[in-house]
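[1] how would this look folded up:
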Amino acid sequence: MSHSVLILIHLFAAFIFVGTVFFEVLMLEGIRKHVPVDAMRQVEVAIGRRARKFMPFVILALYGAGIAMAWNYRSVLAHPFASSFGTLLTIKIVLAISVLIHFISAITLSSKGLLKSRHFRRIHYSVFAHMIGIIFLAKAMFFLRW
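    Below you'll find the model as predicted:
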């Protein structure tokens, strides 16, 4: 598959994933104090059910394309601290792995009925912060040099 196609797949999947996280953090957390606890819990459960239907495919496309693109930079990644690009790409990959761990944790907790509102919030805030870092690094690794 061409690098351009991989970039498009990766960007569209990232758009869906990041957009979902931004919505949950910026919109849902903003209404939490205005909605009864039971209603908010129902919204969280409904969002979780909906996300479990399509988000695994988004994650598969996002990480599959990301891994395929990273393969093109395997020589850079073999010596990640030899260049600014390699260092920033490595940090981006570490953040992406952490996001995947968060996602798997949320799915696991949810499937066991253990995903409480506080876990939901903490996971989303953490993923939100990771996503801001990843977005910054996606551009910075092509422009920052040292």
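
[2] Need the residues that contact the worst-scoring helix or strand of the chain on mean pLDDT.
    The weakest-scoring helix or strand in the chain, judged by mean pLDDT, DSSP states H and E, is helix 29-31 (a mean of 87). Helix 29-31 is contacted by residues 40, 121, 124 when judged by Cβ atoms under 8 Å, 6 or more residues apart in numbering. Using the backbone N, CA and C atoms, a C-beta is placed for each residue, glycine as well.

[3] May I see these organised as a markdown table, with distance to Leu89, secondary structure and neighbour count added?
    Putting the contacts of helix 29-31 into a markdown table (distance: Cβ to Cβ, whole Å; DSSP: H, G, I helix; E, B strand; the rest coil; neighbours: other Cβ atoms under 10 Å) gives the following:
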| residue | distance to Leu89 | secondary structure | neighbour count |
| --- | --- | --- | --- |
| Met40 | 39 | helix | 18 |
| Arg121 | 30 | helix | 16 |
| His124 | 26 | helix | 21 |
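
[4] So, low pLDDT: which residues of the protein?
    Nowhere does the chain drop to pLDDT under 70.

[5] Setting the sequence-adjacent residues aside, check what's closest to the residue positioned nearest the centre of the chain.
    Geometric centre of the chain, nearest residue: Val99, 4.9 Å, by Cα atoms, centre = their mean. Spatial nearest neighbour of Val99, excluding adjacent residues (Cβ to Cβ, 6 or more residues apart in numbering): His130 at 5.0 Å.

[6] which stretch of helix or strand covers that neighbour?
    Counting by DSSP states H and E, the element that carries His130 is helix 117-143.

[7] ditto for Glu44
    Here Glu44, judged by DSSP H and E, is contained in helix 37-71.

[8] packing partners for that helix?
    On a contact count with 3 or more Cβ pairs under 8 Å, 6 or more residues apart in numbering; DSSP states H and E, helix 37-71 meets helix 3-22, helix 84-111, helix 117-143.

[9] so can I have CSV of these showing distance to Arg49?
    Output for those, formatted as CSV (distance: least, Cβ to Cβ, whole Å):
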stretch, distance to Arg49
helix 3-22, 14
helix 84-111, 9
helix 117-143, 13
